[in-house]
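>>> Return a 3D structure for these sequence lines:
(chains A and B)
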Amino acid sequence: EPEVTQTPSHQVTQMGQEVILRCVPISNHLYFYWYRQILGQKVEFLVSFYNNEISEKSEIFDDQFSVERPDGSNFTLKIRSTKLEDSAMYFCASSLDSPTSFGPGTRLTVL
Amino acid sequence: AQSVTQLGSHVSVSEGALVLLRCNYSSSVPPYLFWYVQYPNQGLQLLLKYTSAATLVKGINGFEAEFKKSETSFHLTKPSAHMSDAAEYFCAVSANAGGTSYGKLTFGQGTILTVHP
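The predicted model follows:
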């Protein structure tokens, strides 16, 4: 069964540095998402992406965040200047029809 | 707008006992409803989904859930708990209509299930 994949599984960075989290969605899916889960909290929607543009974003998704689908295969989340509070598990997800399939996540630690 | 409330952040049962995890939702449009399970240090695995077909939905690992529109509920049950069921469970809702937000999930706070021998 096709799966959403994410790299890296763990990322440690210094505050103020830029990070790029990478995802390969399921190949025939059309909708792509990033979610975040801060340790001990619920999974929160960040952004959805459809037809090569952001279709919806949450209040969390401010100017330090950006997404891109550079080559029709990968889907990336860039955090321009990381803050301590960006430390979380980041999940990529994709869907064609219900339900949404999630990747295994990237654990981001900002020091 | 959609929201999910999971009643009880922690549920503890004995092995072999009934598991009942509660979920109530609010949605301005007919919803799709989901239960996901998350094992420690792992991602989200779909347990089951309601997508406007049968109201009693069977999922993996012996779990099932019943959609009750009148109660706006989608409680998760399993007749007999197993030690391997210990995990965190998330209820989620999405709109069932198309459009650019299709598939966007709103999650509940999660319920940690502990199973005692």
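>>> alpha carbons only for contacts and neighbour counts from here, please
Noted.
>>> Could you count how many residues lie near residue A:61?
By the measure other CA atoms under 10 Å in any protein chain shown, the count of residues near residue A:61 is 15.
>>> isn't it right next to residue A:44, touching?
No. The pair formed by residue A:61 and residue A:44 falls short of the contact definition of CA atoms under 8 Å, at 10.7 Å.
>>> Now residue A:61: closest residue in space, sequence neighbours ignored.
residue A:46 (5.6 Å; CA to CA, 6 or more residues apart in numbering or on different chains).
>>> Contacts for whichever strand or helix holds the one you found next, please.
Following DSSP states H and E, one finds residue A:46 within strand A:44-50. Strand A:44-50 is contacted from outside by A:30-37, A:54-61, B:100-101, B:104-107, using CA atoms under 8 Å, 6 or more residues apart in numbering or on different chains.
>>> List the strands paired with that strand, with their directions.
strand A:31-37 (antiparallel), strand A:53-57 (antiparallel) (DSSP bridges).
>>> shaky segments in the chain?
Using chain A. A:98 (pLDDT under 70).
>>> that's the wrong chain, I meant chain B
Checking chain B against pLDDT under 70 turns up B:96-102.
>>> Near chain A, which residues of it are found?
B:34, B:42-46, B:49, B:51, B:100-110 (CA under 8 Å from any CA of the partner chain).
>>> Is it possible to mark the buried ones in these?
The neighbour count (16 or more other CA atoms under 10 Å in any protein chain shown) marks B:34, B:43-46, B:49, B:51, B:101-110 as buried among the residues of chain B next to chain A.
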